[in-house]
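# A predicted structure for the sequence below; I have some questions about it.
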Amino acid sequence: MLATLARWHDGLTRFGFYLGGATLCGIVVCFWIEVVARYFFNAPTLWSSSIVAYCLCLSASLAMPELARTRGHIAISVLQDSLPAARRQGFERFTSLLTAAVCALAAWMLISESLRQLASGTTTAMGLDIPKVWVSSFIGYGFSNTALHFLRRALLPATVEWPSESPRQEA
């Protein structure tokens with residue numbers, strides 16, 4: 001049962017990552033439309049910079065859990081690398097638990113704010129006004145899902161892949 005839940009969680013995370021990549025394509029398309037409209041038709045758009053800002057936020061929020069899942073995030077591992085191999089996994093589990101707590105706190109604050117925005121009907125103050133909850137809920141999702149991945153690494157290590165060595169260093 002736990003393995004099935006972990007597979008579903010990983011699949012949802014991967015889907016979000018691909019959706020985040022699609023929003024990057026949306027950014028490129030919006031910039032392309034803006035350049036063509038501005039320089040070829042002398043008619044700049046009023047909405048493209050807003051869409052780009054929203055897509056950038058969505059992209060980062062949707063990609064964050066996959067980076068946590070695959071250990072693609074930035075890590076300063078000087079202390080971890082200096083530990084004996086027998087203690088390294090325990091240290092990583094501890095830091096994963098601490099990171100999960102920080103991400104869960106951020107998620108709680110963001111979800112609380114999203115619910116407040118939903119109740120009050122707050123909108124963005126850009127060229128294309130949309131309900132703020134449409135953007136902030138994705139940020140809450142990103143932190144919630146990231147917290148779950150770190151929590152799995154800390155408390156359910158059998159549900160994640162443990163690399164045989166620390167992440168490789170780029171020269």
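Structure received.

# Next up, the contacts around Ala158.
Ala158 makes contact with Leu2, according to C-beta atoms under 8 Å, 6 or more residues apart in numbering. Quick note: C-beta positions are derived from backbone N, CA and C, even for glycine.

# And it, what's its pLDDT?
Predicted confidence (pLDDT) for Ala158: 75.

# which of the residues in the helix or strand encompassing Tyr54 are buried?
Taking DSSP states H and E as the definition, Tyr54 sits inside helix 48-69. Across helix 48-69, burial judged by 16 or more other C-beta atoms under 10 Å covers 48-55, 57-69.

# try stretch 39-49
45, 48-49.

# Correct me if wrong, but Asn42 is in a helix.
No - with DSSP: H, G, I helix; E, B strand; the rest coil as the criterion, Asn42 is located in coil rather than a helix.

# ok, now how distant is it from Ile51?
21 Å (C-beta to C-beta, to the nearest Å).

# and if you look at Ala22?
Counting by C-beta to C-beta, the gap from Ala22 to Ile51 is 13 Å.

# likewise Ser137?
The value you get for Ser137 to Ile51, if C-beta to C-beta is used, is 17 Å.

# ditto for Gln89
From Gln89 to Ile51 the distance is 44 Å (C-beta to C-beta).

# Now the least confident helix or strand in the chain by mean pLDDT: buried residues?
Using mean pLDDT, DSSP states H and E, helix 78-82 stands out as the lowest-scoring helix or strand of the chain, at a mean of 82. Residues of helix 78-82 classed as buried: Gln80 (neighbour count, 16+ other C-beta under 10 Å).

# name the helices or strands packed onto that helix?
Packing contacts for helix 78-82, counted by 3 or more C-beta pairs under 8 Å, 6 or more residues apart in numbering; DSSP states H and E, involve helix 85-120.

# average pLDDT for the helix it packs on?
92.

# Report the buried residues of the next helix or strand after it.
Per DSSP H and E, the first helix or strand lying C-terminal to helix 85-120 is helix 133-155. Buried positions in helix 133-155, judged by neighbour count with 16+ other C-beta under 10 Å: 133, 135-154.

# do stretch 104-115 as well
The neighbour-count check on stretch 104-115 (16+ other C-beta under 10 Å) flags 104, 106-107, 110-111, 113-114 as buried.
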